[in-house]
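In: Test case, fold it:
(chains A and B)
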2 protein chains.
Amino acid sequence: MLKIYLAGPDVFLPDAAEQGRRKQALCAQYGFEGLYPLDNEIQPADSRERVDLRIYRANVDMVHRADLGIVNLTPFRGPSADVGTVFELGLLAGLRKPVFGYTNDAATLLERIKRLGKVTKGNGRWRDLMDMTVEDFGNADNLMIDMSLLTAGHPIERFHDLAGFEQCLELAGRSLSVAAPVAARHRR
Amino acid sequence: MLKIYLAGPDVFLPDAAEQGRRKQALCAQYGFEGLYPLDNEIQPADSRERVDLRIYRANVDMVHRADLGIVNLTPFRGPSADVGTVFELGLLAGLRKPVFGYTNDAATLLERIKRLGKVTKGNGRWRDLMDMTVEDFGNADNLMIDMSLLTAGHPIERFHDLAGFEQCLELAGRSLSVAAPVAARHRR
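Out: Residues are numbered from 1 along each chain as shown, chains lettered A, B, ... in the order given. All right, here's what the predicted structure looks like:
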């Protein structure tokens, strides 16, 4: 069974464990095994090594074990996605594993930055309050994120709640039954 | 000469090109070639393909050409680093290229989130206004970012202006003269 790394700020939710179980149940419905990087499962008393380092290693190991990833790119504490999730998206891309992404916020990056404060346009370019360029490509987030998913053949799904996540599962099932990575096929 | 991919929100500065030249001059001083992903160099009229996709491809190609990366993790439009930069950090990690990082904000992630609004502690865990867990490891950012650099042997440098960047160059020079990647050595 193909394993999906479930990246997202879901691990910071008050009901993080339940959210993980809901996602894993959905994965199973679509014939996948969901790997959920829940920080809470690491107990401070387990070893002398610092906790953050052990969580990092556990997450990176999990990414390596996964055959593909689904990333929750919903904006987190600002106009962009959670940076932990984005790091994992980059890591998955570097490891050449298929990645699917969704956001529960249908607005564009430019729309969200406009909500933060005054944004002005000059010489065909938007600038924020700090005079920093704001991308205007109609994307959900920074172009590196949107385009990494677009070039992988499946742009970010912009839906609500778990609908976007489920849409990713559907796409992954269809796409990988046709072109599943060789290594993944052997591991089934 | 080893090539350094210069990741950071510097490309969004009003004087993005000049900042790139300053960084490249510093790279040269330390015996490196700096590769600077300046979006502005791509002209909309060059081709029929969408501009964001061409910038993405140019940046990813540049990351592949680089022997190592230096990432500017200064908080950008929120309490965390620029997501485009963090994607590239993950990509460099996935491609197993050495990465060095700095931030010009000496505060911890927890301190910055506290500035955003009420943060409360219960059961030994900090939670933000949305009741989402806030990491409390004394790190500069999400643990995936800090720990990826720590495990690479060089934690994030927390200095101001280009001092952090220069510190990275110094570290890179020392660290890579001892253990430069084989492929990079052949390319010199």
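In: tell me the mean pLDDT for the helix ranked longest in chain A?
Out: In chain A, taking DSSP state H as the definition, the longest helix is helix A:163-179. Helix A:163-179 carries an average pLDDT of 77.
In: CA atoms of it as PDB?
Out: Below are the C-alpha coordinates for helix A:163-179, written out as PDB (Å, rounded to 0.1, in the frame of the first residue of the first chain):
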ATOM      1  CA  ALA A 163     -12.800  18.500   0.700                       C
ATOM      2  CA  GLY A 164      -9.400  19.700  -0.600                       C
ATOM      3  CA  PHE A 165      -7.600  16.900   1.200                       C
ATOM      4  CA  GLU A 166     -10.000  14.400  -0.300                       C
ATOM      5  CA  GLN A 167      -9.600  15.900  -3.800                       C
ATOM      6  CA  CYS A 168      -5.900  15.300  -3.400                       C
ATOM      7  CA  LEU A 169      -6.400  11.700  -2.500                       C
ATOM      8  CA  GLU A 170      -8.600  11.200  -5.500                       C
ATOM      9  CA  LEU A 171      -6.000  12.800  -7.800                       C
ATOM     10  CA  ALA A 172      -3.200  10.800  -6.200                       C
ATOM     11  CA  GLY A 173      -5.100   7.600  -6.700                       C
ATOM     12  CA  ARG A 174      -5.800   8.300 -10.300                       C
ATOM     13  CA  SER A 175      -2.300   9.700 -11.100                       C
ATOM     14  CA  LEU A 176      -0.300   7.000  -9.300                       C
ATOM     15  CA  SER A 177      -2.200   4.000 -10.600                       C
ATOM     16  CA  VAL A 178      -1.000   5.100 -14.000                       C
ATOM     17  CA  ALA A 179       2.500   6.300 -13.100                       C
END
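In: Quick one: list the elements packing against that helix.
Out: helix A:16-29, strand A:68-72, strand A:99-103, strand A:157-158 (3 or more CB pairs under 8 Å, 6 or more residues apart in numbering or on different chains; DSSP states H and E). (Glycine included, C-beta is placed from N, CA and C.)
In: 6 Å instead?
Out: Taking 3 or more CB pairs under 6 Å, 6 or more residues apart in numbering or on different chains; DSSP states H and E as the contact definition, the neighbouring helices and strands of helix A:163-179 are strand A:99-103.
In: Give the rounded mean pLDDT of the strand it packs on.
Out: Mean predicted confidence for strand A:99-103 is 92.
In: ok, and the closest non-adjacent residue to A:Gly90?
Out: Computed as CB to CB, 6 or more residues apart in numbering or on different chains, the closest residue to A:Gly90 that is not its neighbour in sequence is B:Gly90, at 2.2 Å.
In: Many thanks, I have nothing further to ask.
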